[in-house]
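**Q** got a predicted structure plus its sequence, pasted below:
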Amino acid sequence: GDSVTQMEGPVTLSEEAFLTINCTYTATGYPSLFWYVQYPGEGLQLLLKATKADDKGSNKGFEATYRKETTSFHLEKGSVQVSDSAVYFCSAGGTSYGKLTFGQGTILTVHP
Amino acid sequence: DTGVSQNPRHKITKRGQNVTFRCDPISEHNRLYWYRQTLGQGPEFLTYFQNEAQLEKSRLLSDRFSAERPKGSFSTLEIQRTEQGDSAMYLCASSPPFRAGNEQFFGPGTRLTVL
């Protein structure tokens, strides 16, 4: 079955630092790829998505590019803010009734 | 658009009791999913409905678990004879008719604690 692997956390950064969270996947077919974010005490929210190879998803300064050759979808942001502190989940889906397979999540803490 | 709602938000029960959770999806979303999330892990797929039909169930869904979506709108997830290992966050998500790249919209979850 499908699987998603995220870099182990937690990740602690200072404000304005560069962020990378690695994500790789294995899947049959060509899944859509997503990054979801979970702020403290809140539900999962879609951050960005990409539906085919070489697509770049972007939102709120975050970016991720669908790399079919390396089966990766790494999340990046050039300058993080304290308000970006949250848990980030990479997920793959769409090949079987659209169900999503999630990575284990990466806790990001940004200090002022 | 009021989003996906779930009730109750928290449930504490004693081992062996039955519990039922409710999910109200976004209106006109014909697809509905249940996931389970334990501490420090990502959500794991449990089951999927398209309209009122339950089309897929994970092997994680033991015989003690049952889900329904009787009129293709809200859904319920029942756990019978709860065990301590059932303690988790139960998430519901909905999505409009399938096309590539459809994201799922998640509710706030129901946190179950089995004592």
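**A** Received it, and whenever you're ready, just let me know what you need. Residues are numbered from 1 along each chain as shown, chains lettered A, B, ... in the order given.
**Q** who's in contact with the helix or strand where B:Leu77 lies?
**A** B:Leu77 is part of strand B:75-79 when elements are defined by DSSP states H and E. Strand B:75-79 is contacted from outside by B:18-23, B:25, B:32, B:34, B:46, B:49, B:64-69, B:86, B:90, B:92, B:112, using Cβ atoms under 8 Å, 6 or more residues apart in numbering or on different chains. C-beta here means a position set from N, CA and C on the backbone, and glycine is covered the same way.
**Q** now whichever residue of chain B sits closest to chain A, nearest residue through space, not along the chain?
**A** At 3.1 Å from chain A, B:Gly42 is the closest residue in chain B, using Cβ to the nearest Cβ. Nearest residue to B:Gly42, sequence neighbours excluded (Cβ to Cβ, 6 or more residues apart in numbering or on different chains): A:Phe102, at 3.1 Å.
**Q** please apply the same query to A:Ser83.
**A** A:Val110 (7.9 Å).
**Q** that neighbour bridge partners, please.
**A** Per DSSP bridges, the residues bridged to A:Val110 are A:Leu13.
**Q** pretty sure the residue nearest to B:Gly42 is in contact with A:Thr5, am I right?
**A** No: using Cβ atoms under 8 Å, A:Phe102 is not in contact with A:Thr5, being 10.7 Å away.
**Q** ok, the two, which is more surrounded?
**A** Applying other Cβ atoms under 10 Å in any protein chain shown to A:Phe102 and A:Thr5 shows that A:Phe102 carries more neighbours, namely 24 against 15.
**Q** quick one: A:Pro10 from chain B, how far?
**A** 10 Å (Cβ to the nearest Cβ, to the nearest Å).
**Q** tally of neighbours for that residue?
**A** A:Pro10 is flanked by 10 other residues according to other Cβ under 10 Å.
**Q** which residues touch stretch B:95-102?
**A** A:32, A:49-52, A:94, A:97-98, B:28-33, B:103-105.
**Q** tabulate the CA atom coordinates of that stretch in CSV.
**A** Provided in CSV are the C-alpha atoms of stretch B:95-102 (Å, rounded to 0.1, in the frame of the first residue of the first chain):
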residue,chain,number,x,y,z
SER,B,95,-14.8,16.0,0.0
PRO,B,96,-16.8,16.8,-3.1
PRO,B,97,-17.2,14.3,-6.0
PHE,B,98,-13.9,12.8,-6.9
ARG,B,99,-11.4,14.4,-9.1
ALA,B,100,-7.6,14.4,-9.0
GLY,B,101,-6.3,16.8,-6.4
ASN,B,102,-9.5,17.0,-4.4
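**Q** ok, for B:Glu28, nearest residue in space, not its chain neighbours?
**A** Nearest to B:Glu28 is B:Pro96, by Cβ to Cβ, 6+ apart, at 6.8 Å.
**Q** now the one you found, what are its backbone angles?
**A** Backbone torsions for B:Pro96, taken as degrees, to the nearest 10, come to phi -70, psi 170.
**Q** so whichever residue of chain A sits closest to chain B bridges to which residues?
**A** Nearest residue of chain A to chain B, counting by Cβ to the nearest Cβ: A:Phe102, 3.1 Å away. Going by DSSP bridges, A:Phe102 is paired in beta bridges with A:Ser91.
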